[in-house]
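Novice: predicted model follows, preceded by the sequence.
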Amino acid sequence: MSFTQHLIDKYQDAWRQTQLHPFVQELGQGTLDREKFRFYMIQDYLYLIDYAKLFALGAVKATDLKTMGEFGALLHSILHEEMGLHRSYAAQFGITEEELEKAEPSPITLAYSHYMLHAAQNGSLAELTAALLPCMWSYWEIGVMLKEIPGAADHPDYGEWVRMYSSEEFGELAQWCIRLMDRLAEGKSGDDLARLETIFLNTTRYETMFWEMAYQGQMWPVGSST
Ligand SMILES: Cc1ncc(CN)c(N)n1
């Protein structure tokens, strides 16, 4: 069995939670409160700024030119395509690009992005890949799942989101990440694999916590820096 299949089997409860969350379900049904989506878009934009840096770090840590180029291409796609989707949503929701970049990150946004950056900066390329695997894989699965709901891909507010994450192009990127994880896990010791599992499990948990944060509009309990 491949390492990634082992991860999905072992952590299937945590994995399923990312798909079953009410934010995701209501997004697919088209019943999600627009304010919740607006809050999510802003926080996700901030998250993506740090997430993109993982791909830059991946290019630095890669040991062959092909992998280095693939990380570079992904960095470009996040900055221009994925974040482009957010910028277009922001315009639709009356949020300027400046407002987007200057928004205050929520505690979960900060905790999740900093956890990933910590794993990427201090760990091996395998650890970096384990940190970003749930982000790419779970969004692809969610996109494909929601596309099956009649009308979801054509919804005036959320259809563009569904189309992006269920697209063939996004699926190819997610599959690239799965293959890379399997390749990097080959020949690793039990201790190394256990560390990769922990990172995968934690970022999977953070995925669900991020949906919950957006659904509840969770910010800091007191004060504001803006
Ligand atoms: C929180 C989160 N996780 C994953 C993705 C997909 N790149 C995202 N946009 N946001």
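Specialist: Now that the structure is in, tell me what you want to look at. Numbers count the residues shown, from 1 in each chain.

Novice: CA only for contacts and neighbour counts going forward, please
Specialist: Noted.

Novice: could you pull up the residues touching the residue in the chain that the ligand sits nearest to?
Specialist: Shortest the chain-to-the ligand distance, computed as C-alpha to the nearest ligand atom: residue-wise this is residue 135, at 3.7 Å. Contacts for residue 135 (C-alpha atoms under 8 Å, 6 or more residues apart in numbering) come out as 203, 204, 207.

Novice: next, give phi and psi for it.
Specialist: Summarising the backbone geometry of residue 135 under the convention degrees, to the nearest 10, its torsions are phi -60, psi -50.

Novice: quick one: it from residue 52, how far?
Specialist: Counting by C-alpha to C-alpha, to the nearest Å, the gap between residue 135 and residue 52 amounts to 12 Å.

Novice: and residue 148, by the same measure?
Specialist: Residue 148 sits 29 Å away from residue 52, going by C-alpha to C-alpha.

Novice: which one's more surrounded, these two?
Specialist: Between residue 148 and residue 52, counting by other C-alpha atoms under 10 Å, residue 52 is the more crowded of the two (20 against 13).

Novice: center of this protein, which residue is that?
Specialist: Compute the mean C-alpha point of the chain, and by C-alpha atoms, centre = their mean the closest residue is residue 135, 3.0 Å away.

Novice: show me what counts as buried in the lowest-mean-pLDDT helix or strand in the chain.
Specialist: Considering only helices and strands, the least confidently modelled element of the chain by mean pLDDT, DSSP states H and E is helix 97-102, at a mean of 85. By neighbour count on 16 or more other C-alpha atoms under 10 Å, the buried set for helix 97-102 is residue 100.

Novice: just the residues contacting it, thanks.
Specialist: 42, 45, 46, 87, 90.

Novice: tabulate those residues in CSV, adding columns for secondary structure.
Specialist: Formatted as CSV, the contacts of helix 97-102 follow (DSSP: H, G, I helix; E, B strand; the rest coil):
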residue, secondary structure
42, helix
45, helix
46, helix
87, helix
90, helix
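
Novice: greatest separation within the residues you listed: which pair is it?
Specialist: Maximum pairwise distance in those, criterion C-alpha to C-alpha, is 12.6 Å, between 46 and 90.

Novice: neighbour count winner among the two?
Specialist: Relative neighbour count places residue 46 above the other of residue 46 and residue 90, with 22 against 19, counting by other C-alpha under 10 Å.

Novice: pretty sure the more buried one is touching residue 106, no?
Specialist: No. Counting by C-alpha atoms under 8 Å, residue 106 is not a contact partner of residue 46; they are 9.5 Å apart.

Novice: residues of the protein that sit close to the ligand?
Specialist: 44, 135, 136, 139, 207, 210 (C-alpha under 6 Å from any ligand atom).

Novice: quick one: which of the residues you listed has the most company?
Specialist: For the residues of the chain next to the ligand, the largest neighbour count, defined by other C-alpha under 10 Å, is 25 neighbours, found at residue 210.

Novice: wait, doesn't that residue sit right on residue 108?
Specialist: Yes. Because the distance of 6.4 Å satisfies C-alpha under 8 Å, residue 210 is recorded as touching residue 108.

Novice: this protein: helices as residue ranges?
Specialist: Assigned helices in the chain, in chain order: 3-10, 12-20, 22-29, 34-61, 65-77, 83-92, 97-102, 107-122, 125-147, 159-166, 168-185, 190-216 (criterion: DSSP state H).

Novice: most packed of these?
Specialist: helix 125-147 (a mean of 23; mean count of other C-alpha atoms under 10 Å).
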